[in-house]
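*Asks:* Turn this into a model:
(one chain, ligands or ions: 1)
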Amino acid sequence: PPVHLQMEGNLGLEQMKCRAKGGSAGFKVAILGASGGIGQPLSMLMKMNPLVSLLHLYDVANTPGVTADISHMDTNAVVRGFLGQQQLEDALVGMDLVIIPAGVPRKPGMTRDDLFNINAGIVKTLCEGIAKCCPKAIVNVISNPVNSTVPIAAEVFKKAGIFDPRKLLGVTMLDVVRTNTFVAEVLGLDPREVDVPVVGGHAGVTILPLLSQVKPPCSFTADETNYLTSRIQNGGTEVVEAKAGTGSATLSMAYAAVKFAESCLRGLRGDASVVQCSFVASQVTELPFFASKVRLGHHGVEEIYPLGPLSEYERAGLDKAKEELAASINKGVAFAKK
Ligand code: NAI
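*Replies:* Residues are numbered from 1 along each chain as shown. Below is the predicted model of the structure:
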């Protein structure tokens with residue numbers, strides 16, 4: 001049997017089809033880059049998600065092992081593994097949601113933009129596959145630099161004539177997760193009670209936490225605002241340095257990616273008022289892409305919310321963020337058009 005059938009754990013094809021169709025109205029989800037530092041815990045957490053009925057794990061390395069391992073978990077989702085470029089299309093056909101954590105991570109001293117040369121090409125190839133095999137799927141882009149890889153994905157989809165801006169979402173959820181955690185620490189609250197919008201993009205000064213809009217409402221001193229903004233903007237670097245050359249955030253990223261993917265699936269299912277921050281094609285500013293709060297629904301992004309009232313500190317941050325974002329977006333578009 002083909003490799004992907006050998007990797008379905010102990011289920012026969014008929015049994016598997018039956019379960020995939022079966023009682024639970026689950027979604028079909030593919031993870032591209034499933035064997036990586038993010039990919040593995042992300043695959044595990046998605047296997048535990050009751051909204052998922054079929055989980056396709058694709059990578060250019062090690063998917064047989066990861067798939068065999070995860071397929072033994074006694075949860076509902078059926079798991080299939082796909083290895084190498086020649087199995088990309090099989091991995092994508094019929095998917096409702098595709099999550100992309102494929103590509104190299106940072107080492108100490110690197111910016112996310114330093115990853116561009118390798119990751120831009122990876123994201124482009126994967127998106128060409130999506131355009132061909134599951135053009136209506138929701139796509140969650142994790143691969144960095146998100147500020148450029150999302151515009152690359154959009155260009156690939158435009159070229160294929162299938163671009164639907166509602167369905168392409170850059171994952172900035174880890175910035176929100178970090179912000180809620182760091183803010184809760186300062187306020188002495190349970191992080192689950194804290195909600196702060198983070199807008200702009202996903203790199204350095206483009207990460208703009210709107211601390212003036214924190215829920216529950218409260219105010220910060222200038223020192224607290226400076227400390228929090230700087231820690232949030234450098235949260236990724238904090239992890240890169242602590243890991244000392246072995247990679248960047250993987251576990252907190254997998255947690256954040258699942259939180260975000262679950263919101264996308266709940267939107268698809270028709271749940272009301274599902275709102276998250278995401279880097280999307282947007283008219284909130286003059287830039288073609290921007291991260292802000294979006295409402296998720298049957299078609300992906302159903303509504304993009306305006307930024308709301310900003311403090312003077314945040315307005316200055318927004319100007320800086322836009323300048324860097326514009327350059328990163330243009331770099332992505334130029335690469336894809338080349
Ligand atoms: P990793 O190196 O541990 O894993 C990457 C995986 O991608 C590997 O298994 C590799 O085989 C696979 N891969 C490489 N080329 C591929 C291709 N053409 N097709 C399919 N798979 C391919 O890296 P890690 O730590 O999992 O990070 C992945 C990406 O996520 C990086 O670009 C990193 O910068 C980004 N990231 C994004 C964050 C965000 O907030 N959006 C946060 C943390 C990381």
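
*Asks:* how about the residues of the stretch 51-200 of the chain near the ligand?
*Replies:* Applying C-beta under 6 Å from any ligand atom, we find that the stretch 51-200 of the chain lies next to the ligand at 59-61, 101-106, 115, 119, 122, 125-126, 142-144, 146, 171, 174. In this view, the C-beta of every residue, glycine as well, is placed from N, C-alpha and C.

*Asks:* what do you get if the cut-off is 5 Å, keeping everything else the same?
*Replies:* Residues of the stretch 51-200 of the chain lying close to the ligand by C-beta under 5 Å from any ligand atom are 59-61, 101-103, 105, 122, 142-144, 146, 171, 174.

*Asks:* So for stretch 271-288, what gets flagged as buried?
*Replies:* 274, 276, 277, 278, 279, 280, 281, 282, 284, 285, 287, 288 (16 or more other C-beta atoms under 10 Å).

*Asks:* hang on, I meant stretch 48-59
*Replies:* For stretch 48-59, by 16+ other C-beta under 10 Å, it's 49, 51, 52, 53, 54, 55, 56, 57, 58, 59.

*Asks:* give me the number of residues near residue 235?
*Replies:* Residue 235: 20 surrounding residues under other C-beta atoms under 10 Å.

*Asks:* ok so, going back, which of the residues of the stretch 51-200 of the chain next to the ligand lies at the shortest distance from residue 323?
*Replies:* residue 146 (17.1 Å; C-beta to C-beta).

*Asks:* what about this structure, any weak spots by pLDDT?
*Replies:* Applying pLDDT under 70 to the chain picks out residues 1-25.

*Asks:* And the helices in it?
*Replies:* Secondary structure of the chain (DSSP state H): helices at 3-6, 13-21, 39-47, 63-71, 88-92, 116-133, 146-159, 173-187, 222-233, 235-243, 251-269, 312-337.

*Asks:* Which among the residues of the stretch 51-200 of the chain next to the ligand count as buried?
*Replies:* Of these, these count as buried by 16+ other C-beta under 10 Å: 59, 101, 102, 103, 105, 122, 142, 143, 144, 146, 171, 174.

*Asks:* pretty sure the fourth one is touching residue 32, no?
*Replies:* When you say that, I think you mean residue 103. No: Residue 103 is beyond contact range of residue 32, at 9.6 Å (criterion: C-beta atoms under 8 Å).

*Asks:* Contact partners for residue 192?
*Replies:* Shown in contact with residue 192 (C-beta atoms under 8 Å, 6 or more residues apart in numbering): residue 180.

*Asks:* I should have written residue 280 there, sorry.
*Replies:* 150, 165, 168, 169, 170, 289, 290, 291, 294, 301, 304.

*Asks:* Please name the bridge partners of it.
*Replies:* residue 290 (DSSP bridges).

*Asks:* distance of it from residue 175?
*Replies:* In this view, residue 280 and residue 175 are 14 Å apart by C-beta to C-beta, to the nearest Å.

*Asks:* I'd like to know how far the closest residue to residue 187 other than its chain neighbours sits from residue 203.
*Replies:* Nearest non-adjacent residue to residue 187, counting by C-beta to C-beta, 6 or more residues apart in numbering: residue 218, 6.3 Å away. Distance of residue 218 to residue 203, computed by C-beta to C-beta: 28 Å.

*Asks:* Compare the two and say which is more crowded by neighbours.
*Replies:* residue 203 (23 against 12).

*Asks:* which residues touch the residue lying closest to that one once chain neighbours are set aside?
*Replies:* Leaving aside its sequence neighbours, residue 203 sits nearest to residue 112 (C-beta to C-beta, 6+ apart; 4.5 Å). Going by C-beta under 8 Å, 6+ apart, residue 112 touches 106, 144, 145, 146, 147, 202, 203, 204, 236.

*Asks:* and residue 241, what does it touch?
*Replies:* By C-beta under 8 Å, 6+ apart, the contact list for residue 241 reads residue 108.

*Asks:* Report the separation between it and residue 247.
*Replies:* 11 Å.

*Asks:* which residues sit in contact with the closest residue to residue 300 other than its chain neighbours?
*Replies:* Distance criterion C-beta to C-beta, 6+ apart; nearest residue to residue 300, sequence neighbours excluded, is residue 166 at 3.9 Å. Residue 166 is in contact with 299, 300, 301, 302, counting by C-beta under 8 Å, 6+ apart.
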